[in-house]
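Chemist: Okay, here's the prediction I keep looking at, along with the sequence it came from:
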Amino acid sequence: MKNKLIELKDLTKNFDDQQVLRGINLDIYENEFLTLLGPSGCGKTTTLRIIAGFEEPSSGEVLFNGIEISKLPPYKREINTVFQKYALFPHLNVEDNIAFGLNLKKVDKSVIAQKVGRMLKMVGLEGFEKRDVTLLSGGQQQRVAIARALVNEPKVLLLDEPLGALDAKIRKNMQSELKKIQREVGITFIYVTHDQEEALSMSDTVVVMNNGEIQQIGSPTDIYNEPENRFVAGFIGESNIIEGHMLQDFLVEWDGFRFECVDKGFPENEEIEVVLRPEDLDIVSPDKAQITGKVISVTFKGVHYEILVETEYRTYMVHTTDYAEVGRKVGLSLGPEDIHVMWKMGAY
Amino acid sequence: MGMSRVKKNPRFAGFYLGLMFFIMYLPIAVVVVFSFNESKLPVAFTGFSTIWYEKLFQNDAMLEALVNSLILGCLSTFISAVIGTMGAVGLSKIRWRSKGAMEYLSILPLMIPEIILGMVLMAFFYMLGLPFGMLTLLIGHTIFCVPYILMEVKARLSGMDPALEEAARDLGATSFRAFLDITLPLCMPAVLSGSLLAFAMSMDDVVITIFINGPRVSTLPVKVYTQIKTGVTPEINALCTIMLGVTLLVLGASALVKRINKTGENADEKQAH
């Protein structure tokens, strides 16, 4: 079993009269790649800054290995940060940037040189020791920032939207590289992003936040397939969100249709919301499905078509590789495992 | 680009500009030229000579005033560099509602008429019972030098990513260490260009100085001013030329440092993208 490394307990934070964190409870484990995901202003960066020690929580506790650290200054924490715009020191070269932390700790010069060399090799910048950091490309600066943090051998690395300033192609490369580095050094990464695709592809655990509150904690698959509420479902990927009733365990109803599902544990006749992922819906002939409607728009998306089907009650979005022309009458088929039942927002 | 071709530079634009520069720089040019004049009378240029420069350097009172000015300029610049930089760092850190007022107050000495500042200082030192001399001059000059340095450093700090200092603290530096290792070296060019400006201001101040200099200590500009009362000699022309040269040199250096400073800021910006 993995060990708990950081525990956040009832964390709140107010700036002036604005509450940006409203009671955050979160356990972070050793060796975990955890992502705080949410729209801007959701409190993810503030949470990260509290863990780093740049902000003090208004109330609540931050435990590190069971010890309360929320009043500890950043330089006493075994945590390092990769900043959004890297924050490399422009008056120091690559080597001196990376060695900054070790120099403060009065580490032996030869040891420093060795460690800096090893770090540069890990991030793929061998021989860059004497380069001017302001003349490096965004991707290279990013790597220096990672090396500068990791050379101190922290227990936790915090990354604040580190790929935000890079263009799409480099970003993709860096995503897999970051994951590789995390496996190599074997420490906890806490990653902040607003990019759901980035969060899903890199993380062990995703924490979806909105409005200063945690909406859901889970593995990327859980978050995607079993969103707990409308916000998570809407934020993670595209989806059809439909209001309905849970008639009994494993039986859900909307628009007068009844479907078998895999969800249980809701009170009888509870008002719920159903998430249908566009790629889970299939277009079939009208006589083979309960839900029928008319194609009103078709957009080619590269791998699939995005087809909008209008029924008597609502419009469904379908992602499929099969083509159906506008105006055709179609049926929509779905199986029990394609239906995800959520509590209504605010009801839990 | 097509526009500038259609609209040709009218000939009188050059004439206007020339006229302006002529009016602005004629007195300066005349003084510089006549400082090399052989004749004592400022009516005709009779021949090139450096005699007035030689005479100037034999004038002990003048040299003593120059030394006073240099000492005063260096000391007051140094002290105000320390105070101004601390003030700018303080201003950049506060999150008070009164921040705007604080910023305004910090550069107010530049906007108060010099004669008022001079009178206020004189009255203040008199109340304290301080003997008028080098000490009162030093305090007075420091007061009007601080804003020049503060303004430069403040501008530099506001363009600096606050994450830089956080990064230093994150990597194990105390706040003080982060300031010493990161913030201070990065605003050094601004401290330098502000200091050169302040030095130039201290070197040429007359109004405040005559209120607080006391009977025994005289600075160069004050000396010149008192000499002129007994008649303009070509010696004064020579002195003016030298001071003009020094001032241009200092201002040029300040501009140069500022330009290097700017390139540094551009690099920061490039880093952000």
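Modeler: Nice, I can see it.
Chemist: what about the helices in the chain?
Modeler: I'll assume chain A. Taking DSSP state H to define them, one finds helices in chain A at A:44-52, A:94-104, A:109-122, A:138-150, A:168-185, A:196-202, A:220-225, A:230-235.
Chemist: ah, I was thinking of chain B
Modeler: B:2-6, B:11-35, B:51-58, B:60-93, B:99-111, B:114-128, B:134-158, B:163-170, B:175-178, B:184-204, B:207-212, B:220-228, B:234-272.
Chemist: interface residues of the stretch 1-150 of chain A facing chain B?
Modeler: A:52-54, A:73-75, A:79-81, A:83-91, A:100-101, A:104-105, A:133-135, A:138, A:141, A:148-149 (CB under 8 Å from any CB of the partner chain). No exception for glycine: its C-beta is placed from N, CA and C like everyone else's.
Chemist: For residue A:122, list the residues it contacts.
Modeler: Residues near residue A:122 by CB atoms under 8 Å, 6 or more residues apart in numbering or on different chains: A:147, A:150, A:181, A:184.
Chemist: Neighbour count, distance to residue A:263 and pLDDT added to those residues, as a markdown table?
Modeler: Below are those laid out as a markdown table (neighbours: other CB atoms under 10 Å in any protein chain shown; distance: CB to CB, whole Å; pLDDT from 0 to 100):
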| residue | neighbour count | distance to residue A:263 | pLDDT |
| --- | --- | --- | --- |
| A:147 | 25 | 47 | 95 |
| A:150 | 24 | 43 | 94 |
| A:181 | 19 | 39 | 91 |
| A:184 | 10 | 40 | 90 |
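Chemist: With respect to residue B:237, which of those residues is nearest?
Modeler: residue A:147 (63.0 Å; CB to CB).
Chemist: how near is that closest one to chain B?
Modeler: Residue A:147 is 12 Å from chain B, where distance means CB to the nearest CB, to the nearest Å.
Chemist: check contacts around that residue.
Modeler: Neighbouring residues of residue A:147 by CB under 8 Å, 6+ apart: A:98, A:116, A:119, A:120, A:122, A:123, A:125.
Chemist: 10 Å - rerun?
Modeler: Shown in contact with residue A:147 (CB atoms under 10 Å, 6 or more residues apart in numbering or on different chains): A:82, A:94, A:97-98, A:115-116, A:118-125, A:128, A:181.
Chemist: out of the residues of the stretch 1-150 of chain A next to chain B, which are inside strands?
Modeler: Judged by DSSP state E, the subset of the residues of the stretch 1-150 of chain A next to chain B located in strands is A:79, A:80, A:81.
Chemist: Run a quick neighbour tally on the first one.
Modeler: For residue A:79, the number of neighbouring residues by other CB atoms under 10 Å in any protein chain shown comes to 25.
Chemist: beta partners for it?
Modeler: Residues in a beta bridge with residue A:79, per DSSP bridges, are residue A:156.
Chemist: hmm, back to that, top of the contacts of residue A:147 by neighbour count?
Modeler: Among the contacts of residue A:147, residue A:98 has the most neighbours (other CB under 10 Å), with 33 neighbours.
Chemist: you'd agree it is up against residue A:120?
Modeler: Yes: counting by CB atoms under 10 Å, residue A:98 touches residue A:120, with 7.3 Å between them.
Chemist: now the residue lying farthest from the centre of chain A: how far from residue B:200?
Modeler: In chain A, the residue that sits farthest from the middle, by CA atoms, centre = their mean, is residue A:287; the gap is 40.8 Å. To residue B:200, residue A:287 is 92 Å away according to CB to CB, to the nearest Å.
Chemist: Just give the nearest non-adjacent residue to residue A:49, would you?
Modeler: Computed as CB to CB, 6 or more residues apart in numbering or on different chains, the closest residue to residue A:49 that is not its neighbour in sequence is residue A:55, at 4.5 Å.
Chemist: how about low-confidence regions in chain B?
Modeler: Filtered on pLDDT under 70, chain B yields the residue ranges B:1-9, B:230, B:261-273.
Chemist: coming back round to it: would CSV of the helices of chain B with mean neighbour count and distance to residue A:305 be doable?
Modeler: Output for the helices of chain B, formatted as CSV (neighbours: other CB atoms under 10 Å in any protein chain shown; distance: least, CB to CB, whole Å):
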stretch, mean neighbour count, distance to residue A:305
helix B:2-6, 7, 48
helix B:11-35, 12, 64
helix B:51-58, 15, 90
helix B:60-93, 18, 55
helix B:99-111, 13, 56
helix B:114-128, 15, 77
helix B:134-158, 22, 51
helix B:163-170, 23, 44
helix B:175-178, 15, 55
helix B:184-204, 23, 54
helix B:207-212, 21, 80
helix B:220-228, 18, 83
helix B:234-272, 16, 40
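Chemist: would a markdown table of these with distance to chain A be doable?
Modeler: As requested, the helices of chain B are exported to a markdown table (distance: least, CB to the nearest CB, whole Å):
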| stretch | distance to chain A |
| --- | --- |
| helix B:2-6 | 34 |
| helix B:11-35 | 39 |
| helix B:51-58 | 43 |
| helix B:60-93 | 14 |
| helix B:99-111 | 14 |
| helix B:114-128 | 37 |
| helix B:134-158 | 12 |
| helix B:163-170 | 4 |
| helix B:175-178 | 7 |
| helix B:184-204 | 5 |
| helix B:207-212 | 37 |
| helix B:220-228 | 37 |
| helix B:234-272 | 4 |
